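Enquirer: Following is a predicted model, sequence given first.
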Amino acid sequence: MPALLIAAATAYGAAAGLLVPRPLHRLAVPAEEPWRSECPRGHPITGVAGGWLGPARCGACRPGERAYGLSAPLAALGTALVCGALAAAVGARPELAVWLLLAPPGVLLAGVDRAVHRLPDVLTLPMAAATAALLAVAETLPHGAGSWPRALLGGLVLGGGYLLLFVISPSGMGFGDVKLALTVGIALGWYGWPVLFLGAFAGLLLGSGYGMALVLTRHAGRKTAMAFGPFMIIGAGAGLLLGGLGAA
């Protein structure tokens, strides 16, 4: 069963990852600009759900051209590895379905933030609401390893912490990071306060270390804007893996 579960989660991640490049291209725009409606070569984006879902290559482009910037194999590989690792750590518990559903939009958010230093509300806010709602369902099912009230409190605590950081230093912490912290806190809080602390601290440590490395190597200044979302998401993933293994 565990091997079959891991294989199924990995296959799901690979399939879901193939859908990431298209919305990443559409969402990776500076603030106040409309979502992209054309591929990089000027072809209109059409398809399922208003063009948001579909293959990673524009149908009007020549074969072999990466119309949406991120290669489909890379997106599929990354999402597959994340989903397979989550399945291996969490096992056949109801919250695994929640983490697997969060993985593709998490990869998408990390890609968008890395590209344009932006975490769109169209992703962050629905993710927070969906995580809370899905974990409420997971708690009613047998063999769950977490607490829904604690998850909600975790979201409020981490969101409040990031809000404080934003107020103290708006140039160093974007408000999109505050909104993403709600989802991260809810997910990590499910497994308990130690997991919440470790996952949140890992994200802060990775982001701070990366920023310091850029400054020391003179690739950035102290006031240079940096995408912090990817590190928050990596820290959250590490926390969920530890929480899943600890609950085994």
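Expert: Looks like it arrived, so ask away.
Enquirer: From here on, just use CA atoms for contacts and neighbour counts.
Expert: Will do.
Enquirer: outside of stretch 149-166, which residues touch it?
Expert: With contacts defined as Cα atoms under 8 Å, 6 or more residues apart in numbering, stretch 149-166 is touched by 132, 172-175, 177-193, 196, 200.
Enquirer: Report the central residue of the protein.
Expert: Nearest residue to the geometric centre of the chain (Cα atoms, centre = their mean): Gly106, 1.7 Å.
Enquirer: Just give the nearest non-adjacent residue to it, would you?
Expert: Ile233 (6.7 Å; Cα to Cα, 6 or more residues apart in numbering).
Enquirer: before we move on, the earlier item: just the buried residues out of the contacts of stretch 149-166, in PyMOL syntax.
Expert: Buried residues within the contacts of stretch 149-166, by 16 or more other Cα atoms under 10 Å, are selected in PyMOL with:
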select buried, resi 132+172+173+174+175+177+178+179+180+181+182+183+184+185+186+187+188+189+190+191+192+196+200
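Enquirer: and stretch 235-248, what's its mean pLDDT?
Expert: Computed over stretch 235-248, the mean pLDDT rounds to 92.
Enquirer: Any buried residues in the longest helix that the chain contains, and which?
Expert: In the chain, taking DSSP state H as the definition, the longest helix is helix 193-216. Across helix 193-216, burial judged by 16+ other Cα under 10 Å covers 195-204, 206-207, 211, 214.
Enquirer: So the residue of the chain most remote from its centre: helix, strand or coil?
Expert: Farthest-out residue of the chain from its mean C-alpha position, per Cα atoms, centre = their mean: Arg62, at 30.9 Å. Secondary structure for Arg62, judged by DSSP: H, G, I helix; E, B strand; the rest coil, is coil.
Enquirer: any idea how far the helix or strand of the chain with the lowest mean pLDDT is from the chain center?
Expert: Ranked by mean pLDDT, DSSP states H and E, the helix or strand of the chain with the weakest confidence is helix 48-51, at a mean of 86. How far helix 48-51 lies from its chain's middle: 22 Å, per Cα atoms, centre = their mean, to the nearest Å.
Enquirer: after it, next one along is what?
Expert: Using DSSP states H and E, the next helix or strand after helix 48-51 towards the C-terminus is helix 72-90.
Enquirer: May I have that next one as PDB, with CA atoms only?
Expert: Extracted C-alpha coordinates of helix 72-90, given in PDB (Å, rounded to 0.1, in the frame of the first residue of the first chain):
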ATOM      1  CA  ALA A  72       6.700  21.300 -18.800                       C
ATOM      2  CA  PRO A  73       9.200  18.500 -17.800                       C
ATOM      3  CA  LEU A  74      10.800  20.700 -15.200                       C
ATOM      4  CA  ALA A  75       7.400  21.700 -13.700                       C
ATOM      5  CA  ALA A  76       6.200  18.100 -13.800                       C
ATOM      6  CA  LEU A  77       9.400  16.800 -12.100                       C
ATOM      7  CA  GLY A  78       9.300  19.300  -9.300                       C
ATOM      8  CA  THR A  79       5.600  18.800  -8.500                       C
ATOM      9  CA  ALA A  80       6.000  15.000  -8.700                       C
ATOM     10  CA  LEU A  81       8.900  15.000  -6.300                       C
ATOM     11  CA  VAL A  82       7.000  17.100  -3.800                       C
ATOM     12  CA  CYS A  83       3.800  15.000  -4.000                       C
ATOM     13  CA  GLY A  84       5.800  11.700  -3.800                       C
ATOM     14  CA  ALA A  85       7.700  12.900  -0.700                       C
ATOM     15  CA  LEU A  86       4.500  14.100   1.000                       C
ATOM     16  CA  ALA A  87       2.900  10.700   0.400                       C
ATOM     17  CA  ALA A  88       6.000   8.900   1.800                       C
ATOM     18  CA  ALA A  89       6.000  11.000   4.900                       C
ATOM     19  CA  VAL A  90       2.300  11.300   5.700                       C
END
